[in-house]
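Q: Predicted model, plus sequence, below.
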Amino acid sequence: MSEKASKRLMPSDIRAMKGKTPIVSLSLYTAPQARLAAPYCDFLLVGDSVGMVLYGMDSTLGVSLDMMIEHGKAVRRGAPGSCVIVDLPFGTYEASPEQAFASAARVMAETGAHGVKIEGGVAMAATVEFLARRGIPVMGHVGLLPQAVNVAGGFRAHGRDSSEASRIHEDALAIDEAGAFAMVIEGVVEELARRITKEVNVPTIGIGASPACDGQILVADDAVGLFAAFKPRFVKRFAELSPSVETAFAAYQSEVQARTFPAMEHCFGVKQSAT
Ligand code: KIV
């Protein structure tokens, strides 16, 4: 088993990890997942991917602030000693810095999370600065932006052509300068992620980006093979749990139908025979 993380890190500690030991993180949504992952992660993200992974939505656009708050509370309960960052979902921060502050303040007050993540670069820089100056640690998110899937033309690698690459580069520099404590770089060509990592002052957390990033993040259900709807190139399955779960459900069905489950040992008021 790998080394366990020993003390709770705060966003400022994550920021200070730039260029040092790679930062480890998972995106997850439930208390049991958080309990299992916490010892191996420097921070936990409650990602709005919850909409697709747990709720079967075909994008993250239908995720509400209330959903994020409930999952944020669950993750905090499962991992009370971990640094927890919660995604602000689509429609809860883009209109103005004030709207973002109201949403972020609700998330922080109701879940006890240590920071929020928002998607976007140059267009969100003023908002990042507004939040950071008012005591809300912000993680940025550049490159492939799942909340902008309708303008981006689907889930595809970004930065292949030079104009898109320079836009993403500018986005990263703007978020860095605005005062984010870290930024996710998602789904961009490797060379661009490497360049951004070299140029920004804060840690980059890659997903479909580059081994040169200061840290990596995966969706926990992807990493253990529980989310089987699709598997992007950047996902590595560190376990394949879906077949075992399916086998268990099939065994349960057989035993119920054969009346071998429940056995007497699973029933109340029945004396156990001495073994
Ligand atoms: O929503 C999410 O889980 C994320 C991570 C994949 C970075 O944004």
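A: In hand now; what should we look at?
Q: Tell me how many other residues crowd the residue in the chain that the ligand sits nearest to.
A: Distances from the chain to the ligand, computed as CB to the nearest ligand atom, single out residue 47 as the nearest residue at 2.1 Å. The way it works is simple: take the backbone N, C-alpha and C, and place the C-beta from them, glycine included. For residue 47, the count of nearby residues is 30 (other CB atoms under 10 Å).
Q: Need the nearest residue in space to it, chain neighbours excluded.
A: residue 27 (3.6 Å; CB to CB, 6 or more residues apart in numbering).
Q: sec struct for the residue nearest to residue 92 when sequence neighbours are not counted, please.
A: The shortest distance from residue 92 to any residue other than its chain neighbours is 4.2 Å, reached at residue 103 (CB to CB, 6+ apart). For residue 103, the assignment made with DSSP: H, G, I helix; E, B strand; the rest coil gives helix.
Q: ok, back up a step: who's in contact with the residue nearest to residue 47?
A: 44-47, 49, 217-220 (CB atoms under 8 Å, 6 or more residues apart in numbering).
Q: secondary structure class for the residue lying closest to residue 229 once chain neighbours are set aside?
A: When the adjacent residues along the chain are set aside, residue 229 lies closest to residue 52, with 7.3 Å between them (CB to CB, 6+ apart). Following three-state DSSP, residue 52 is assigned to helix.
Q: residues in the chain within reach of the ligand, list them.
A: Proximity of the chain to the ligand is assessed by CB under 6 Å from any ligand atom, with 27, 45, 47-49, 87, 184, 186, 207, 217, 219 identified as the residues in range.
Q: What segments of this structure are helices?
A: Using DSSP state H, the helices of the chain run over 11-16, 31-37, 50-53, 65-78, 97-111, 125-133, 149-152, 162-178, 190-199, 220-223, 241-257.
Q: ok now the fourth one, how far from the chain's centre?
A: By that I understand helix 65-78. The gap between the average C-alpha position of helix 65-78 and the chain average comes to 13 Å, counting by CA atoms, centre = their mean, to the nearest Å.
Q: and that helix, which residues are buried?
A: Buried positions in helix 65-78, judged by neighbour count with 16 or more other CB atoms under 10 Å: 65, 67-69, 71-76, 78.
Q: Check the second one too.
A: Counting neighbours by 16+ other CB under 10 Å, one finds that the buried residues in helix 31-37 are 31, 33-34, 36-37.
Q: That one - contacts with which helices or strands?
A: Based on contacts counted as 3 or more CB pairs under 8 Å, 6 or more residues apart in numbering; DSSP states H and E, the elements that helix 31-37 packs against are helix 65-78.
Q: got it, and the first one?
A: Using 3+ CB pairs under 8 Å, 6+ apart as the contact criterion, the secondary-structure elements in contact with helix 11-16 are strand 182-186.
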